[in-house]
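Asker: here you go, sequence then predicted model.
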Amino acid sequence: MPYSRKYAIIILTLLLAFSFHLPVYAQSSDQEKPRNVILFIGDGMGPNQVKAAQVYAREVLNRELVIGSINISGTTTTHSASSKVTDSAAAATAIYSGFKTKNGQLNVLPDGTTAEGIGMAAKKAGLSVGIVSTARITDATPAALYAISSNRGSHNEIAVQLPDFMADVVLGVGSKHFAPSSHKGSDRKDETDVIALMKEKGYEYVENLKELKAVQPGQIQRLFGMFSSGDMPFAIDRKNNPGLSHMPTLADMTSAAITMVEKNPKGFLLVVEGGRIDHACHANDIKTMIEETLEFDDAVAVGLKFQKTHPETLVIVTADHETGGLKRLGEGEFSMDPKALEVITRSLGHVEDKIRRHPDQIRNQLKAAGFELTPEESELLESYMAKASEDKLAGKNAADKSAKHDKSGSLRALSKITSQRSKIEWASNGHTDHHIITRAIGPGAKTFEGNYDNTDIAIKIARLLNLSIPALKEKKASRLLTIPAMAYYFQKSEKACHVIAFG
């Protein structure tokens, strides 16, 4: 047999062998596969956001983050099909469906086709599905589980897709997109009453914490809760304003959602989003971001408590992307001064709004929020506000990407002041391409170790829950190793000397 033909046969044989014995993703035995999956997504929550919350919890609150107790973790890349910096729509599409898409699109792929993800697959498999978020249920991360849209901003069109998805429980905010236009505060341009449609589908509807706690899971088929017209007020504002005590925390909603989905003997998929971590990071508001992450951590604690008594449950904690480029002041490992933030009791957005409404009471508004400014800080605030006014008169704000987070200049100044006090800094007020950390505990958790892309999260969940999604089929079809990949594996063997030349 000719020399070249001999080695061609060897290569082909090895390719076939490796394609069957070295799959791209780690597999789990039936004993390691979960019945339930709780997927926690911290929107905008990069590694340093978690570290900042850990430092604050440890040094100010004398507690540890439960997220830190999850030992199995992996590093996850987040780029979209259109940019190295993803938005939440493309990221959520990837996490749920296993496919990359362009920023701004929900389950609409670059070629115009649509993606079907783990949410619909779980419904088809007979599992219960739940959605919980502190952002609007029509916002990108929760919406990608049930909706298809080429424009993530089409909230009203996205809302009407929720009834047909038939999730077992949906708890969140954004009722203005579900109420008819004749309803006070509605954002709709038509008389479609999506809340009524949900009730017709058999949903029990609740609007506050008291009603949520009164729910008897065994006596209702489905649960739908809307607790605010827009986004949920920031955790720091709810905690320090008795007038907002009627609103549930993310932990409250997570607990209620679990009681609904756990009824299904076939299992469940529950997605819980800490949606306002991202918003705090866009505003470069370190204290508010920490409080949002702490509330997210409290929700994770609810999931971990359930997992402890229901070991067939896999809990995953991840993020869609990092926001703000949070880092320490200067070089080196992340660190901060959390004590400087302890006195702050309101979000910077709340303070900025108060100052805009009552510009003659700035000192009182700052004091009420826990700010006692030094002369230098007062001068900084005045200069920022003056500059913002000049820019507004000159028409510059429209072109300023930060304008939507800082209309009066006070938010930008207060952000700089709190950042300097706590010895941290922000690289931007937008998303970044920083890798995020995915953690997991429970059966199948080890498949989330290592380095992988956000599209792999959908693949891993689908495999573990025995769900059928198009992306999984594509991965199975492409399991044959390439020649360069073969060269990598053969390089580890003493017998590889002739084969590597073909790589």
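Answerer: In hand now; what should we look at?
Asker: pretty sure Leu326 contacts Gln49?
Answerer: Yes - with contact defined as Cβ atoms under 8 Å, Leu326 and Gln49 form a contacting pair (6.0 Å). In this view, the C-beta of every residue, glycine as well, is placed from N, C-alpha and C.
Asker: any shared contact partners between these two?
Answerer: Cys281, Met289 (Cβ atoms under 8 Å, 6 or more residues apart in numbering).
Asker: next one: the helix of greatest length in the chain to chain centre, how far?
Answerer: Ranked by residue count under DSSP state H, the longest helix found in the chain is helix 286-309. The gap between where helix 286-309 is centred and where its chain is centred comes out at 13 Å by Cα atoms, centre = their mean, to the nearest Å.
Asker: what comes up buried for that helix?
Answerer: Neighbour-count burial for helix 286-309 flags 286-304, 306-307 (criterion: 16 or more other Cβ atoms under 10 Å).
Asker: likewise stretch 211-225?
Answerer: Those would be Leu212, Val215, Pro217, Arg222, Leu223, Phe224, Gly225, for stretch 211-225 by 16+ other Cβ under 10 Å.
Asker: now it, how far from the centre of its chain.
Answerer: 25 Å.
Asker: list the contacts of it.
Answerer: 166-172, 195, 198-199, 201-207, 248, 252-253, 256-257, 259-260, 263.
Asker: from those, which ones fall inside strands?
Answerer: Residues of the contacts of stretch 211-225 located in strands (DSSP state E): Val169, Val170, Leu171, Gly172, Tyr203, Glu204, Tyr205, Val206.
Asker: thought Ala257 was touching the first one, still the case?
Answerer: Yes - using Cβ under 8 Å as the test, Val169 is close enough to Ala257 to be in contact (4.7 Å).
Asker: what is in contact with these two at once?
Answerer: Shared contacts of Val169 and Ala257, counting by Cβ under 8 Å, 6+ apart, come down to Gly130, Val132, Leu223.
Asker: the longest strand seen in the chain - contacts with which helices or strands?
Answerer: Ranked by residue count and defined by DSSP E, the top strand of the chain is strand 128-136. Packing partners of strand 128-136 (3 or more Cβ pairs under 8 Å, 6 or more residues apart in numbering; DSSP states H and E): helix 118-124, helix 140-143, strand 169-173, helix 250-261, strand 268-274, helix 276-282, helix 286-309.
Asker: quick one: strands adjacent to it?
Answerer: Neighbouring strands of strand 128-136 in its sheet, by DSSP bridges, are strand 169-173 (parallel), strand 268-274 (parallel).
Asker: how about those in JSON lines, adding mean pLDDT and distance to Pro110?
Answerer: Output for the strands paired with strand 128-136, formatted as JSON lines (pLDDT from 0 to 100; distance: least, Cβ to Cβ, whole Å):
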{"stretch": "strand 169-173", "mean pLDDT": "98", "distance to Pro110": "29"}
{"stretch": "strand 268-274", "mean pLDDT": "98", "distance to Pro110": "24"}
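Asker: which one, of those strands, ends up nearest to Ala91?
Answerer: Nearest of the strands paired with strand 128-136 to Ala91, taken as Cβ to Cβ: strand 268-274 at 11.5 Å.
Asker: residues contacting Thr93?
Answerer: Phe99, Lys100, Thr101, Gln105, Leu106, Asn107, Ala115, Gly117, Ala144.
Asker: just the closest of the residues you listed to Ser88, please.
Answerer: Closest approach between the contacts of Thr93 and Ser88, by Cβ to Cβ: Ala144, at 8.1 Å.
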